[in-house]
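Trainee: for reference, the sequence and a predicted model appear below.
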Number of protein chains: 6
Amino acid sequence: MQVKEMIIEEDMRSLKLREDARNTNELRQIKVTKDFNIYAEGSVLMEFGNTKVICTASVSEKVPPFLKNQGKGWLTAEYSMLPRATGERNTREAAKGKLSGRTMEIQRLIGRALRAAIDLDKLGERTITIDCDVIQADGGTRTTSISGGFIALALAMKKLLKEGIIKENPIISNVAAISVGIVNNTPMLDLKYSEDSIAEVDMNIIMNGKGEFVEVQGTGEEATYTRAQLNQLIDLAEEGIKDIIEIQNKIIGE
Amino acid sequence: MQVKEMIIEEDMRSLKLREDARNTNELRQIKVTKDFNIYAEGSVLMEFGNTKVICTASVSEKVPPFLKNQGKGWLTAEYSMLPRATGERNTREAAKGKLSGRTMEIQRLIGRALRAAIDLDKLGERTITIDCDVIQADGGTRTTSISGGFIALALAMKKLLKEGIIKENPIISNVAAISVGIVNNTPMLDLKYSEDSIAEVDMNIIMNGKGEFVEVQGTGEEATYTRAQLNQLIDLAEEGIKDIIEIQNKIIGE
Amino acid sequence: MQVKEMIIEEDMRSLKLREDARNTNELRQIKVTKDFNIYAEGSVLMEFGNTKVICTASVSEKVPPFLKNQGKGWLTAEYSMLPRATGERNTREAAKGKLSGRTMEIQRLIGRALRAAIDLDKLGERTITIDCDVIQADGGTRTTSISGGFIALALAMKKLLKEGIIKENPIISNVAAISVGIVNNTPMLDLKYSEDSIAEVDMNIIMNGKGEFVEVQGTGEEATYTRAQLNQLIDLAEEGIKDIIEIQNKIIGE
Amino acid sequence: MQVKEMIIEEDMRSLKLREDARNTNELRQIKVTKDFNIYAEGSVLMEFGNTKVICTASVSEKVPPFLKNQGKGWLTAEYSMLPRATGERNTREAAKGKLSGRTMEIQRLIGRALRAAIDLDKLGERTITIDCDVIQADGGTRTTSISGGFIALALAMKKLLKEGIIKENPIISNVAAISVGIVNNTPMLDLKYSEDSIAEVDMNIIMNGKGEFVEVQGTGEEATYTRAQLNQLIDLAEEGIKDIIEIQNKIIGE
Amino acid sequence: MQVKEMIIEEDMRSLKLREDARNTNELRQIKVTKDFNIYAEGSVLMEFGNTKVICTASVSEKVPPFLKNQGKGWLTAEYSMLPRATGERNTREAAKGKLSGRTMEIQRLIGRALRAAIDLDKLGERTITIDCDVIQADGGTRTTSISGGFIALALAMKKLLKEGIIKENPIISNVAAISVGIVNNTPMLDLKYSEDSIAEVDMNIIMNGKGEFVEVQGTGEEATYTRAQLNQLIDLAEEGIKDIIEIQNKIIGE
Amino acid sequence: MQVKEMIIEEDMRSLKLREDARNTNELRQIKVTKDFNIYAEGSVLMEFGNTKVICTASVSEKVPPFLKNQGKGWLTAEYSMLPRATGERNTREAAKGKLSGRTMEIQRLIGRALRAAIDLDKLGERTITIDCDVIQADGGTRTTSISGGFIALALAMKKLLKEGIIKENPIISNVAAISVGIVNNTPMLDLKYSEDSIAEVDMNIIMNGKGEFVEVQGTGEEATYTRAQLNQLIDLAEEGIKDIIEIQNKIIGE
């Protein structure tokens, strides 16, 4: 009989909705290589599918001028892509002599997000710099940077605690991030580049370990979106972030 | 009798919830001075209380390289603050030799938002530059820039239509923006600087004339926020934006 | 009889000598909006016809390194044009990453001129920054900046006196400026852009309240000029500056 | 008898009015080394006392974009000081990554001045760059640059004529410059650094071979000056420039 | 008896001559991860001990202006270190807005060296960019970049050949590099950072597959060196480079 | 008879081997103008044929931050070319806003080389800046800078000794440099530009007064070179440097 085959074919098509056959609510494969860098206080190579970001946390015993003598620390982030992280080679920002608006926007976002993870008073007068260097980019580099940056941060805090440099762990809660978007009218989790580049709506959601929002950024450059769609996207993100936080905790706890 | 007085006092306190005695869902006074600049294709001086932004729309018969020979136009935005727009004088970015991350982030946001207002195919091979120059800043400069920038854009399109340079109005829909936030645990509309600087959550909402979202950006730097709070803030913004759009249409229609 | 008609025609010609029917020794309409900015210690919106400049005086309790611990103050000026201050939009200097030679030259001139208005010893160890932001440019932006900058300066000094921050007014004398030039062989006062752009000789004269020169700059790019012409131009300027100083004093005295 | 000695002493004092015993209307020793550079189309080492400037004229067969296809040429100038041209070593502008306002102002002045010497239509579509490199600075570097730059320019034009590249000499008239100033209430010609640094008024006068003004720039930073003083200074400059032009012509004619 | 023990101890000391117990003529462990980047035409992760460099070869179908329409290609190189590649975090050059002299010197060296490996005529009008990004630095980053950069280059040429983009392999010969130096008066091969930082003489030798020199750079910052020492160092380098070339060929041949 | 003619022809050929008829082991004419600059602590105009470099040594009573309070001095060098030092005019690096890689590489080389000439401990906490400004370039500008820079340095040290600022001469040994290269398969000493631009191998050798190497840099961009050739080139350089050191000592000793 034909009917069953038709159904199967239909399923196949729905499986093929995404180039890599993922479900719309499915994350790419996440791989975390702990202590990727022998010098940094904390470090990981964080991979979401083909997106690979080296995240290091560097601790310095100084604070920026606006925080001097307040007994309080600071956390800042920098983001960069290797020139051949993408299909076409990009000119280095160092060669151009300035950071692009995109880079500035992303590194400000990472910094804000990870400051929500830490009690700067407990950190004391020191600065943590989270460097996120994208060595391969296949979509979601900013959310991978945040999720990986948190692990590097947490590992650095463990090291400082162990060495007695700080007495109490200043980590308040996990912080993790994921992209969601509407592609061909379908809300989807964790867009890869080929999806992201045709998405009608692109949203980055950053949450903490208590299920609260740290930041929500949703843009519909070519299109706009309704409140119902906004809610669907947030639902998807909440699910994905829960899984990422589980992975973060497994790695940090090891 | 005491009761009435008590009620009145209660009212007074709630009025005093905001420094300027506004209700939590009340916009500041909006003032629009049309054709503020005699040279620009479209221009307004846009005021939300003490926040004053000169918005001009300049049309040039060129497109950026990535759009050449596609019969399609472009819209970009630039944002700047006069050095004494604020209580303390700031160093000019031209003197520092580079744009700050904040400026880059804001002008990218304004550009994205206003591109949602216009059909770039109908515009033809020309570029519209929206310049938003803040001459006085009391909170909400980016949302004032977007709401005023839309009027400048719409006025420029009317001029081009009238002069026969374009045949069809490329405006798709209004675009307007407002800030909302949580201050002392209370969700509020249209924060002024003294409120913004102590807000736990700060959100900028950009919507079009159909009540759809163009962009949602919500940050909780010192705090995080729940999904319920997110919904309350969006409710407030939807109300405010409706009023702004009404004002936009009155000015443009004149 | 022919004679009368000839005279009338002559009058007509002389009336038409300038696009806006001004006499050769006539200033454009001057408009001063006092306290245009609510934050600055002193401010005006200064208009000469269509040329509009926001002048603010900002006082900071610091001096540049070369003046430290000398009990003496400093005055400096910055000048900028909004991108659409002119018929064609100009690229922002902040976007180009450097100030043009023209901007540097003008802001050095404004600073030098206004330092002649003030006793820096009486000012004490503080720095006054005069910001001149041209929001519309129709010729004479540098002289408008100086004449308006002086008012902003004087208002700031009045404020400091009133607040007891300084004990004695450091203002020595008014400083005002005007452009003169030779257009179609005719010496003229206060050139607007359409005149300035075809002038054979272009001169900026800066004087104080005692009728002395602070600075004289006269250039004949396409032509040269004789000593007799130099004298005629200075005569015109002396007259015009007298009127500007009267207006300055009226505004400051209010 | 006492009287004669007194007179002699008086003379001595007046001779000592200037550190180097010059009369107030006396130029420093001028030395011109023709063809100082073997590559440039025209070049001199121009010396006014201890002020030494290498002036080269370079001709290129291109014009800036704004002059393309108009059959007309351009002349531009650049000015720089070697780091140890002065008593204290200065940081290189190339190392600082930008030109100072002073450099910009001076090179714009040199360019404007020398454009008055040449018929750009007769030059044809080529650009002359006058490079003025100060290898030792003892006051008057900008006027030395102009007076020497004119010789380099004239030599280059002779070379182009001789080689048949141009058919007619585009030089209209000599252009020469000198500084004058008021030092200790005494108007003086050709200030050296020790005089310039204490001058109440400092003026640069640029004239052509017909005794007309090309540019007059007079500044009284610490003081102001009367119209009578302005006239005295111009008298002094006229005299000095006549002598410089004579020297220019002797060198060029050789 | 004591004698034997003494001898053994002596041996021990000589073994301990290098922190990591290597012989003076012994290379660190070399590890090559082929095709480390999925986008680049050729790529490796090249490791010499703890020094790790990502080398990618990117091919573009353009040449720099000075080579246009000559049927000839170009090869250029860029070098950068991640901020935490070293024990202390370094400021990013992109953030500083300019490349350091060290970076410029190194990337010019890598480019020159690898141009010796390739026949630019056979390459045709295309440009190869070799990006060397140091993710961990323990001495010898420039020589690791050259040796790894050659592999990336060779792999890219194989790919172009296979795809029929070029008809003939433009590789002329291997190019490999190693550092040698004099540490505590002892000539040594392949210095790690702790050795390099105390070396009296530091030399980088680049050779091709025929045992010829491509570049020799030997510096004695704190000390000088004799011709005999120069010869000893070159002997060491020749040996080491032979081994590196063997490894290169094994990887490329796979 | 044939023999004599053959000999003559042979001579002719050997004379014609170099454009300027020099022997392959012959230096160009060296001219040193001592105390070329009246302000610098030490200065020369150093000429190798048509290559002319002004070398000045400036002493300041400061050290860079990394040397503070160590009782030790520093020596640094800067290098620049006047725009018309060469056949074609070059754009100024100050105008481009950054130093080229070539300039950086050269000035780092000059600094390293001359630091080998001086005992920085004996210098005390002061910095010597060697400025090398090329006013005419005909090959060998970096080696001319080093050889001339050493004289300027030695003269400055003599001055400091004489003025009692330092007690002991910190000069350890002369430092001099020369270029050698292989042109048309012939090893040659002191290449001029026309030779350098066609050289197969280009080497710069820097030595001290004891015949030891300070730095060896040999590049074969288009070709490679054998160890035998390396030795021939070093032989040539050793000879030339001996002569330069003799001249240095004669000038310094005067």
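Mentor: On my side now, so go ahead.

Trainee: need the contact list for the residue in chain A that chain C sits nearest to.
Mentor: Residue nearest to chain C within chain A (C-beta to the nearest C-beta): residue A:98, separated by 7.1 Å. The C-beta positions use only the backbone N, C-alpha and C, and glycine is treated the same way. Listed by C-beta atoms under 8 Å, 6 or more residues apart in numbering or on different chains, the contact set of residue A:98 reads B:98, C:97, E:94, E:97.

Trainee: give me that answer again for 10 Å
Mentor: The contact partners of residue A:98, taken as C-beta atoms under 10 Å, 6 or more residues apart in numbering or on different chains, are A:104, B:97-99, B:104, C:97, E:94-95, E:97-98.

Trainee: can you confirm it is in a strand?
Mentor: No: counting by DSSP: H, G, I helix; E, B strand; the rest coil, residue A:98 falls outside a strand, being coil.

Trainee: against residue B:110, how distant is it?
Mentor: In this view, residue A:98 and residue B:110 are 20 Å apart by C-beta to C-beta, to the nearest Å.

Trainee: how about the helices of the stretch 51-200 of chain A, start to end?
Mentor: Assigned by DSSP state H, counting those that start in this stretch, the stretch 51-200 of chain A shows helices spanning A:93-96, A:101-115, A:120-123, A:141-162, A:193-196.

Trainee: winner for burial among the ones you listed?
Mentor: helix A:141-162 (a mean of 25; mean count of other C-beta atoms under 10 Å in any protein chain shown).

Trainee: against chain B, how distant is residue A:57?
Mentor: Distance, residue A:57 to chain B, by C-beta to the nearest C-beta, to the nearest Å: 19 Å.

Trainee: adding mean pLDDT and distance to chain F, write the helices of the stretch 51-200 of chain A out as JSON lines.
Mentor: Output for the helices of the stretch 51-200 of chain A, formatted as JSON lines (pLDDT from 0 to 100; distance: least, C-beta to the nearest C-beta, whole Å):
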{"stretch": "helix A:93-96", "mean pLDDT": "87", "distance to chain F": "11"}
{"stretch": "helix A:101-115", "mean pLDDT": "95", "distance to chain F": "20"}
{"stretch": "helix A:120-123", "mean pLDDT": "96", "distance to chain F": "27"}
{"stretch": "helix A:141-162", "mean pLDDT": "98", "distance to chain F": "27"}
{"stretch": "helix A:193-196", "mean pLDDT": "95", "distance to chain F": "34"}
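
Trainee: the ones you listed: which one's closest to residue D:51?
Mentor: Residue D:51 sits nearest to helix A:93-96 of all these, at 40.0 Å, using C-beta to C-beta.

Trainee: that closest one: how far from the chain's middle?
Mentor: Relative to its chain's centre, helix A:93-96 lies at 24 Å (C-alpha atoms, centre = their mean, to the nearest Å).

Trainee: distance check, the residue in the stretch 151-254 of chain A positioned nearest to chain F against residue D:149.
Mentor: The stretch 151-254 of chain A approaches chain F most closely through residue A:165 (25.4 Å), counting by C-beta to the nearest C-beta. Noted for residue A:165: a distance of 64 Å to residue D:149, by C-beta to C-beta.

Trainee: with that, I have no additional questions.
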